[in-house]
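Colleague: Dropping a prediction and its sequence here:
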Amino acid sequence: MEESDSRLERRGFLTLAKRILIASGLAAFFGPVISFFWPNVLEETPTKPVVIGPEGAIPPLESKVVRFGRYPAIVINTQEKGLVAYSAVCTHFACIVSWNPESGMIECPCHAGFYDPLDGSVISGPPPSPLPVYRVSTDNGQIILRSS
Ligand code: FES
């Protein structure tokens, strides 16, 4: 009788171990697949203004990537709207975007994502949403960056 009880305990333990291994295997396989398709979410943008340099530090048709909280932001001096600023983190898979003055677009090098420099909207490629827009202005001769 005692041997029968220990067999049942062993069988229960092995069943539990098998289920844990199957769950771990499924999580290891599907976790990266789900995270690939799940758009990243930005957190921790600064609530206080950030000085990014003196007025004129970004000449026309040039850009500057600056640290904005935990994440980089890109400030572009456009011909049409003057200074504009966006998160520099691609909304597809979090690569850092850059400004290309020849093409006139913000480009993501990872999967050929292209954004409009005038509003941050997606022009083409896999990004699921526009770049988050930041406010940029000049105060007392300094370029100031703020979250919206
Ligand atoms: S990470 Fe930017 S297009 Fe994929």
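Modeller: Now that the structure is in, tell me what you want to look at. Keep in mind that what you see is a predicted model, and the values were worked out from it rather than measured.
Colleague: now check the helix or strand of the chain with the lowest mean pLDDT, is it near the ligand?
Modeller: Using mean pLDDT, DSSP states H and E, the weakest-scoring helix or strand in the chain turns out to be helix 2-37, at a mean of 84. No: using C-beta under 6 Å from any ligand atom, helix 2-37 stays clear of the ligand, with a minimum separation of 9.7 Å. Every residue, glycine included, has its C-beta placed from N, CA and C.
Colleague: For that helix, buried residues please.
Modeller: Neighbour-count burial for helix 2-37, counted by 16 or more other C-beta atoms under 10 Å, picks out no residue.
Colleague: Give me the helices and strands touching that helix, please.
Modeller: Of the remaining helices and strands, none touches helix 2-37 by 3 or more C-beta pairs under 8 Å, 6 or more residues apart in numbering; DSSP states H and E.
Colleague: Show me which residues of the chain are close to the ligand?
Modeller: Counting by C-beta under 6 Å from any ligand atom, the chain sits next to the ligand at 90, 92, 93, 95, 108, 110, 111, 113, 125, 126, 127.
Colleague: Please tell me the pLDDT value assigned to the closest residue to the fourth one other than its chain neighbours.
Modeller: In other words, residue 95. Nearest residue to residue 95, sequence neighbours excluded (C-beta to C-beta, 6 or more residues apart in numbering): residue 110, at 3.8 Å. The model reports residue 110 with a pLDDT of 95.
Colleague: Quickly note the distance from residue 80 to residue 96.
Modeller: 24 Å (C-beta to C-beta, to the nearest Å).
Colleague: Looking only at neighbour counts, state which of the two leads.
Modeller: Shown here are residue 80 and residue 96; by other C-beta atoms under 10 Å, residue 96 has more neighbours (15 against 8).
Colleague: so who does the nearest residue to residue 123 once chain neighbours are set aside touch?
Modeller: Spatial nearest neighbour of residue 123, chain neighbours left out: residue 114 (4.2 Å); criterion: C-beta to C-beta, 6+ apart. Shown in contact with residue 114 (C-beta atoms under 8 Å, 6 or more residues apart in numbering): 103, 105, 106, 107, 108, 122, 123, 124, 125.
Colleague: any idea which helix or strand carries residue 114?
Modeller: Assigned by DSSP states H and E, residue 114 falls within strand 113-115.
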